[in-house]
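*Asks:* Below are the sequence and a predicted model; questions follow.
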Protein chains: 6
Amino acid sequence: MVELVTVGDTSLRLSPRGNERLETATDVRMHAAGTESNVAVAASRFGTDVVWLSKLPDTPLGRRVVSELHEHGIETQVGWSDEGRQGLSFYEPPCEPREAVRIHDRKRAAAETMSPGDLDMDLIQNASSVFVAGSTLALSETAAETGAAVLRAGASGDGVSALELDYRPELWSPAKARETLTGVFESVDVLFGSEDDVRTVLDRTGQARELAPTIAAEWDLQMVVLTRSEHGALVYHDGVIHDRDAIETDTVDDTGQHDAFIGAFLAILLDGGEPDTALSTAVATASLSRTIPGPLATVDQAEVDRLVDSIEQSGF
Amino acid sequence: MVELVTVGDTSLRLSPRGNERLETATDVRMHAAGTESNVAVAASRFGTDVVWLSKLPDTPLGRRVVSELHEHGIETQVGWSDEGRQGLSFYEPPCEPREAVRIHDRKRAAAETMSPGDLDMDLIQNASSVFVAGSTLALSETAAETGAAVLRAGASGDGVSALELDYRPELWSPAKARETLTGVFESVDVLFGSEDDVRTVLDRTGQARELAPTIAAEWDLQMVVLTRSEHGALVYHDGVIHDRDAIETDTVDDTGQHDAFIGAFLAILLDGGEPDTALSTAVATASLSRTIPGPLATVDQAEVDRLVDSIEQSGF
Amino acid sequence: MVELVTVGDTSLRLSPRGNERLETATDVRMHAAGTESNVAVAASRFGTDVVWLSKLPDTPLGRRVVSELHEHGIETQVGWSDEGRQGLSFYEPPCEPREAVRIHDRKRAAAETMSPGDLDMDLIQNASSVFVAGSTLALSETAAETGAAVLRAGASGDGVSALELDYRPELWSPAKARETLTGVFESVDVLFGSEDDVRTVLDRTGQARELAPTIAAEWDLQMVVLTRSEHGALVYHDGVIHDRDAIETDTVDDTGQHDAFIGAFLAILLDGGEPDTALSTAVATASLSRTIPGPLATVDQAEVDRLVDSIEQSGF
Amino acid sequence: MVELVTVGDTSLRLSPRGNERLETATDVRMHAAGTESNVAVAASRFGTDVVWLSKLPDTPLGRRVVSELHEHGIETQVGWSDEGRQGLSFYEPPCEPREAVRIHDRKRAAAETMSPGDLDMDLIQNASSVFVAGSTLALSETAAETGAAVLRAGASGDGVSALELDYRPELWSPAKARETLTGVFESVDVLFGSEDDVRTVLDRTGQARELAPTIAAEWDLQMVVLTRSEHGALVYHDGVIHDRDAIETDTVDDTGQHDAFIGAFLAILLDGGEPDTALSTAVATASLSRTIPGPLATVDQAEVDRLVDSIEQSGF
Amino acid sequence: MVELVTVGDTSLRLSPRGNERLETATDVRMHAAGTESNVAVAASRFGTDVVWLSKLPDTPLGRRVVSELHEHGIETQVGWSDEGRQGLSFYEPPCEPREAVRIHDRKRAAAETMSPGDLDMDLIQNASSVFVAGSTLALSETAAETGAAVLRAGASGDGVSALELDYRPELWSPAKARETLTGVFESVDVLFGSEDDVRTVLDRTGQARELAPTIAAEWDLQMVVLTRSEHGALVYHDGVIHDRDAIETDTVDDTGQHDAFIGAFLAILLDGGEPDTALSTAVATASLSRTIPGPLATVDQAEVDRLVDSIEQSGF
Amino acid sequence: MVELVTVGDTSLRLSPRGNERLETATDVRMHAAGTESNVAVAASRFGTDVVWLSKLPDTPLGRRVVSELHEHGIETQVGWSDEGRQGLSFYEPPCEPREAVRIHDRKRAAAETMSPGDLDMDLIQNASSVFVAGSTLALSETAAETGAAVLRAGASGDGVSALELDYRPELWSPAKARETLTGVFESVDVLFGSEDDVRTVLDRTGQARELAPTIAAEWDLQMVVLTRSEHGALVYHDGVIHDRDAIETDTVDDTGQHDAFIGAFLAILLDGGEPDTALSTAVATASLSRTIPGPLATVDQAEVDRLVDSIEQSGF
């Protein structure tokens, strides 16, 4: 039985090297970048048995995505499609005070037409847990229905069903996101989100410590995990809030850090760990992922454990 | 007064380096690649005063295209659009016996909506010559109408109006190409095409030496210039055929060689050269362009002249 | 049921780029290079369900090997060891008339101690076929016994058991190779070897066309497949010899071409193809693999088929 | 009518990558680097219509300089010379506490013989503004006379004439610089300089806030703009001092930041902006230019505006 | 007469670039890395006449080590061996909070069998000083005896004999190191060590200021020089302690900084400088070495002097 | 006693990689390139004890030249000068039919003022042989006198004095070269030259086989060695002509091949070999040098010997 199934779209991200600007760059580096595949890779680093499911064009570009995910150790089940293109994005990393530049080029990606029929629903139903990101539900009506079906299948039986808000303004409006996402909350056990996404999508104000219990109560969620960028993260579960400060890093690439956080959190949870422990591991994994080029968190469980230990000794 | 105006769409081409395959490549090199801009760059290397006109998305990617064209010395007039994407292509160069791999990703490019209103038609009308490629007319109905308008404007007055067949099977069928392209032949003075494209688009059989006069006669074309890849090229004009063998090269990148040929041919013609001389220069330029990475022909007029001389001495 | 199991040691190969010499190089590129994993990757490109088994050190270097194999699409089962090092080799590619330079640094590699107990023998027993290379049996007494056990397991039941001579002078003498390898021939159905290796290891003279039937007869082998570098390859089966000429290529990296040949041959055979067809595909795959950097044959079945077709039309 | 004309010499700068030292580097990156062309590029990023005039050797190196400037969007008018070489410099970037290493190799550069006859003086006379740097006047007697003529032409009519002190100890002594530069102050409307250069060249002591009014008064300058490296910048105009703090950055390449400052300042001024606004934009542009490799400020007007806004909100 | 002889093993260090992880890296950079050769290179930058002696395999890899040392200006005397391999190490640089990863692969290195007979003992005896690191004595019994012989030869006559503790847990235990190293202390004039190594190897507690005099007294050492990483360094000599704070740097590569420290210290001492002066120079050299890629300190004496001056003015 | 002393100027050569053109290149690779240092490196590969003498600017660029020569194993004696610059050249490699582009930038190089007083004339006098190239005598009057003095010193006693014509049209006219070079022929024992240079400098016609004896007779030269590019090479000595065909190669970089030829020839001669043997070795070394990037011939004596053997067996 698979421990974690994640379902979603993964783009090829193209970024210039060495702080060059897209406008004058001659060379770009390619990375597979997708919330659900990032989460899958991070979880697999902790020994979790993961499968990522998706729909990709049957071209060298689609296969390029899968090659990189296999290189990072996860299994995949892809519906190879003759329709739809490979989603792309162009990304110019930030350099203080210069902001990151992102050009989204995902329209007509093969995953827009991913239906439950493209997926091995038995595998999903029997998995210990499933994870989907809001950005996948934002791709198209079909994708939204598929995401909902995946969460329902995950929540059936003993499985854990996890969703991240993952709000992307280029894909939909806050109102549309709210309608779609809250519409699937009844199938969700664990909700992940950044403080900002919670405010935007759920139209709230207030701090994470107040938001988590309120949201959990309103939608009857088992666990709510909120990240607060440089202010750390917290988990609300069983009436208790656990929180952690962020860890300072020499940041090389901060993309994918939230996904690294989620993957590590789920891995510990699936391994029987307490939310409190999962949170420590998640924060440490996110910080290490910022020291690694590309959105995939090629961390080593031993180094995460050492970091957690060293920080707990100094009062983490 | 501008000597040559070329109008068309230019993509960003991404290719892995050093014979790597797209499926496992980590780095790709970007090049601006478009028939009409390639022709413009080649012509400008001979001192021709050229302007390339197009419509591009107002993003760093659109500006990236223009930066590279400026770097290669041509002027541009671009309608910057908030709609439409930057056309892309992925290209894996051939390596005998491995064939080239091309992934076209140009759908919904900004240039699909390029109308005469997006262009400075006065500039076009007053130019000594205009050039458009069939691949631009293949983009959309709008683009086809725009291409036709450009050729009409070019053919009005003393101007020379030039068209290349430039057939692309991913954009349209032979029948559709035939209908659209022969529909604009009345505005064309100089027709360029590869022997293969002539056979496919005009539905003919036979060798270039027979095709050229027939086609010129049927559509009342002033000049017909046919390339025959490793078999050289010929021009038919005023009832006479001039031909040249191809030149052997250590090929580094053969993309854009036909465009280099056309740019050089037009440059010599516009400078008052005879078709025969233009053909020698065009063949030499195409051969040098194969020794230069990327589709743009950064040749030097002096080296082209030396090559023409050295070959004519040895019976070119 | 797995279709093909290959068992053996894989080194990390380090080579300078762009014809630089090791003595003055500053940068080297790393590749996973091992006969059995190369064969596995090539077979998987034709849709064969393959697993590669080995023993590697539990270090980032050992994991580096597995990452690259996963990237190329095969499954692996590795006994992670705290003893033994990662086998290495340094490789300076040839450049006519300069010969290749190879520095073998595989002593004390973890795989030297690979015993049947380190392997999932059930998986092997149930596989449709197994493949081992002579170079693996050359590593150590233990490895030789393990190789023999794998071939025996493969030959039991309906399975096909395949061996390549793969003679490496740095690992053992011809006499020692002969003794060990002929000692396992009774468990071998298909024997692969280069003409040179056959002569050296089996102490024969004569041409491939004579060698194949003699060897098959002497050791009662079902099929003997011999490669003759620039002179092509042949297969002897059921009293008939089929042969193919080699295909001319612009060679980028000729390492791994024999393994690509074997992988393709086995894939077609396992898919029910005739030895004759398998040979065509194998020769085409080997030629394409020479156009791809690194020892792994990232070919595409469609392009192999096209090449086979185009060559058969021209009298291959 | 051109809005800004800048006239001066531009070198090719060669620098090792990745903190390597020149003494052991194998690869160097080339950049066109010249005060006046840097200023031109920065101004053009704000939509200013700029032309850079110079004299360069008629070689691939001279054309290399122009290609890079065209790539960055400015127009050029170059007197191509068969005499004189391409000025070069070798540059090893600083790395705290290691200082930058600069090897100047500009002697006998073609621009040393640039006379008014080499320039389109009509264009200069009709431009809205002209800019020259002191370092250009330092090249040779001829260059000094040409610089003076350009400033005179710029100051005639309604034009704005701008000079930067740009003191280079390798080119002349402070005394010689003082004599030459103050000799042209009567044709100068806007004077730019670093606090250090003002002290060295004009032989003053004191802080920028005192220096600016004194200098403006003594030489009857309309505007004096002083930069104080990590202490920000100020402008003195009409009896009023406006100043700005410097903005903290993750510095990637601090060369050309003063020129980015000047280009942005002039662009806003030419667009009708107040000195105060020009200063904000200039400081923001300089800070962004430090995050971009190479001396050319490939900024985007929108991101400069966002930075100005964000800083003014926080009390810039 | 040679001023400084250093004797020891030097590995080839392979490290991925740009913060990549070994597990997924495709390219690694090679550097010659050995305590004694690092010390030799640093000393030679101050004009010291240095020879490094060792035993290496007679392969392109052994010659690769020597090429890089020659490139950095030192002379070498190498016993070229047909036995033993080239010692290697794989190194993943740290990135806060990610720790460095080191994979040692030095077993069976040629230098393990380096005996006095492999060395020009006359050269050593006549040198003004010799230097050996504890890590060399840790390689093997033979190497330990050779190290002892070198120190004895160095200490005979007027020579200065210097040893660094250089404790490497992968090579021996603290107890074994203690036994071997204190066993040669009678031939040592100057002892170098990090505070940590002193505590581990000599089994002490306490701070550097207390450790230095105690150790000097116990083993009758002329000079004891201790480094305290971010807390600077001190020298104890003739009953007096001199100390220096560390200098803050933008660290690019911190490997080899201790060796740079030692090389600079010995160079100044050999040139007749006081321990106090040697310490200033050593601290400055170590800080500059952190700004240079690779373990070799390609510093320039003039820049070291400037840094010492600038720091002493600010109360270093 | 040194076996070979070579004296001359060495430039830094900058060339774009991968067939890029200088006009659009962003990165260039640096190589030390000088006839006499190239010869020295080639000779040292055969175990010859060589010293190269020169005068260079005391800058990181001058030291860069020496670092690379040391890396390749030769000793150097350099007069470090505060006057004069580092000679440079820009080089765009050829790509059939595109010719190489060379931009010489050596004017005012420090070596122009190299006088005998800058050199250790005792070392030269006592060396077994000296080598100077005509291009060094072409640098300046001073350099011509110094070259003459070196050859005289070399020819005194038992030493062998060798000169290559090495005609460079950018440095002097054929007439001037003839006057200067024939003026030193009385101090020359072995004359090297390409057939073309002999014709140009000595104003002859005819083939190498006729030229060699005539020249040897006219100027009483002991040995005349002529290279004929793709037609091989010959040596005339003691009334006998030995010749060799050129060897076909996959050429990576053909610069420095003549110098590799000379270095190998002198090495064998100094080692007591016959002219005939020296010629075989020289031709093989030149062919291998064409497979190695850069002008320095990093060959291995064993591989040269193998190549000589393999070719002599096939009737070389």
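*Replies:* Cool, got the structure. Numbering: from 1, shown residues only, chains lettered A, B, ... in the order given.
*Asks:* all strands of the stretch 201-316 of chain A, in order?
*Replies:* A:223-227, A:233-237, A:240-244 (DSSP state E, counting those that start in this stretch).
*Asks:* Which of these sits closest to C:Leu270?
*Replies:* With respect to C:Leu270, and counting by Cβ to Cβ, the nearest of these is strand A:223-227 at 47.5 Å. No exception for glycine: its C-beta is placed from N, CA and C like everyone else's.
*Asks:* List the strands paired with that closest one, with their directions.
*Replies:* Strand partners for strand A:223-227, identified by DSSP bridges, are recorded as strand A:190-194 (parallel), strand A:233-237 (antiparallel).
*Asks:* and the ones you listed, which is most packed in?
*Replies:* Taking mean count of other Cβ atoms under 10 Å in any protein chain shown as the contact definition, the stretch among the strands paired with strand A:223-227 with the greatest mean neighbour count is strand A:190-194, which reaches a mean of 25.
*Asks:* CA atoms only: put that one into CSV for me.
*Replies:* The C-alpha atoms that make up strand A:190-194 are tabulated as CSV, following Å, rounded to 0.1, in the frame of the first residue of the first chain:
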residue,chain,number,x,y,z
VAL,A,190,-5.2,18.5,7.1
LEU,A,191,-5.2,22.0,5.6
PHE,A,192,-1.9,23.8,4.8
GLY,A,193,-1.6,27.4,3.9
SER,A,194,0.5,30.5,4.3
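*Asks:* who's in contact with it?
*Replies:* Strand A:190-194 is contacted from outside by A:160-166, A:185, A:201, A:215-216, A:219, A:221-229, A:258, A:261-262, A:265-266, A:269, using Cβ atoms under 8 Å, 6 or more residues apart in numbering or on different chains.
*Asks:* Equivalent analysis for stretch A:150-162, please.
*Replies:* Identification of contacts with stretch A:150-162 by Cβ under 8 Å, 6+ apart yields A:5, A:7, A:116, A:119, A:121, A:124-125, A:127-132, A:163, A:184, A:187-192, A:262, A:266, A:269-270.
*Asks:* Give me the buried entries from the residues you listed.
*Replies:* Listed as buried from the contacts of stretch A:150-162 are A:5, A:7, A:116, A:119, A:124-125, A:127-132, A:163, A:184, A:187-192, A:262, A:266, A:269-270; burial here means 16 or more other Cβ atoms under 10 Å in any protein chain shown.
*Asks:* Inside helices: which ones of those?
*Replies:* Counting by DSSP state H, the part of the buried ones among the contacts of stretch A:150-162 found in helices is A:124-125, A:184, A:262, A:266, A:269-270.
*Asks:* From these, pick the one nearest C:Gly47.
*Replies:* Proximity to C:Gly47 was ranked across these by Cβ to Cβ; first place goes to A:Ile124, at 24.9 Å.
*Asks:* quick one: contacts for that closest one?
*Replies:* If a contact means Cβ under 8 Å, 6+ apart, then A:Ile124 has A:5, A:7, A:53, A:130, A:150, A:153-154 as its contacts.
*Asks:* Would you format the residues you listed as TSV with pLDDT and distance to D:Thr76 included?
*Replies:* Shown next, in TSV, are those (pLDDT from 0 to 100; distance: Cβ to Cβ, whole Å):
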residue	pLDDT	distance to D:Thr76
A:Val5	98	59
A:Val7	98	54
A:Leu53	98	55
A:Val130	98	60
A:Val150	97	58
A:Ala153	95	64
A:Gly154	92	62
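*Asks:* Which of the residues you listed sits closest to chain B?
*Replies:* Of all these, the one sitting nearest chain B is A:Leu53; the distance, using Cβ to the nearest Cβ, is 20.3 Å.
*Asks:* Partner strands of whichever strand or helix holds that closest one, with direction?
*Replies:* Secondary-structure assignment from DSSP states H and E places A:Leu53 in strand A:50-57. For strand A:50-57, sheet partners with direction are given as strand A:4-7 (parallel), strand A:75-81 (parallel), following DSSP bridges.
*Asks:* deepest of these, which one?
*Replies:* strand A:4-7 (a mean of 30).
*Asks:* now that strand, how far from the chain's geometric center?
*Replies:* How far strand A:4-7 lies from its chain's middle: 11 Å, per Cα atoms, centre = their mean, to the nearest Å.
*Asks:* quick one: contacts of it?
*Replies:* Residues outside strand A:4-7 that contact it (Cβ under 8 Å, 6+ apart) are A:36-37, A:39-40, A:43, A:48-54, A:119, A:123-124, A:127-132, A:136, A:146-147, A:150, A:154, A:266-267, A:270.
*Asks:* ok, how many other residues are close to whatever residue of the stretch 51-200 of chain A ends up closest to chain C?
*Replies:* Per Cβ to the nearest Cβ, A:Glu71 is where the stretch 51-200 of chain A lies closest to chain C, at 3.5 Å. By other Cβ atoms under 10 Å in any protein chain shown, 22 other residues sit near A:Glu71.
*Asks:* got a list of what it touches?
*Replies:* Taking Cβ under 8 Å, 6+ apart as the definition, contacts of A:Glu71 comprise C:67-68, C:70-71, E:24.
*Asks:* Farthest pair within those?
*Replies:* Using Cβ to Cβ for every pair in the contacts of A:Glu71, the one that comes out farthest apart is C:His70 and E:Thr24, at 10.7 Å.
*Asks:* all strands for the stretch 1-150 of chain A, in order.
*Replies:* Ranges of strands within the stretch 1-150 of chain A are A:4-7, A:11-16, A:27-33, A:50-57, A:75-81, A:88-92, A:101-105, A:129-133, based on DSSP E, counting those that start in this stretch.
*Asks:* Next, the angle strand A:101-105 makes with the second one.
*Replies:* Okay, so that is strand A:11-16. 140 degrees (axes from the mean of the first three to the mean of the last three Cα atoms, to 10 degrees).
*Asks:* so does strand A:11-16 get close to chain B?
*Replies:* Yes - among the residues of strand A:11-16, A:Leu14 lie within reach of chain B under Cβ under 8 Å from any Cβ of the partner chain.
*Asks:* Look up how far A:Gly232 lies from A:Asp166.
*Replies:* 19 Å (Cβ to Cβ, to the nearest Å).
*Asks:* who's more crowded, the two?
*Replies:* The neighbour count for A:Asp166 versus A:Gly232, taken as other Cβ under 10 Å, is higher for A:Asp166 (26 against 18).
*Asks:* ok, the closest residue to chain D within chain A - how many residues close by?
*Replies:* Per Cβ to the nearest Cβ, A:Cys95 is where chain A lies closest to chain D, at 3.9 Å. For A:Cys95, the count of nearby residues is 17 (other Cβ under 10 Å).
*Asks:* ok, it touching A:Arg21?
*Replies:* No - with contact defined as Cβ atoms under 8 Å, A:Cys95 does not reach A:Arg21; the gap is 10.2 Å.
*Asks:* Return the residues of chain A in contact with chain B.
*Replies:* Taking Cβ under 8 Å from any Cβ as the criterion, the neighbours of chain B within chain A are A:14, A:21-30, A:59-61, A:63-64, A:67, A:85-86, A:88, A:90, A:92, A:101, A:103, A:105, A:107-108.
*Asks:* Switch the strands of the stretch 201-316 of chain A over to TSV; also include mean pLDDT.
*Replies:* TSV is the format used below for the strands of the stretch 201-316 of chain A (pLDDT from 0 to 100):
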stretch	mean pLDDT
strand A:223-227	97
strand A:233-237	97
strand A:240-244	96
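*Asks:* A:Gly206: what's it in contact with?
*Replies:* A:199, A:214.
*Asks:* mind listing what's buried in stretch A:262-280?
*Replies:* By neighbour count, with 16+ other Cβ under 10 Å as the criterion, the buried positions of stretch A:262-280 are A:262-270, A:273, A:275, A:277-280.
*Asks:* Give the closest residue to the residue in the stretch 151-300 of chain A positioned nearest to chain F in space, chain neighbours not counted.
*Replies:* With Cβ to the nearest Cβ, the shortest gap between the stretch 151-300 of chain A and chain F falls at A:Pro293, namely 20.7 Å. Closest residue in space to A:Pro293, ignoring its immediate chain neighbours: A:Asp253 at 5.0 Å, by Cβ to Cβ, 6 or more residues apart in numbering or on different chains.
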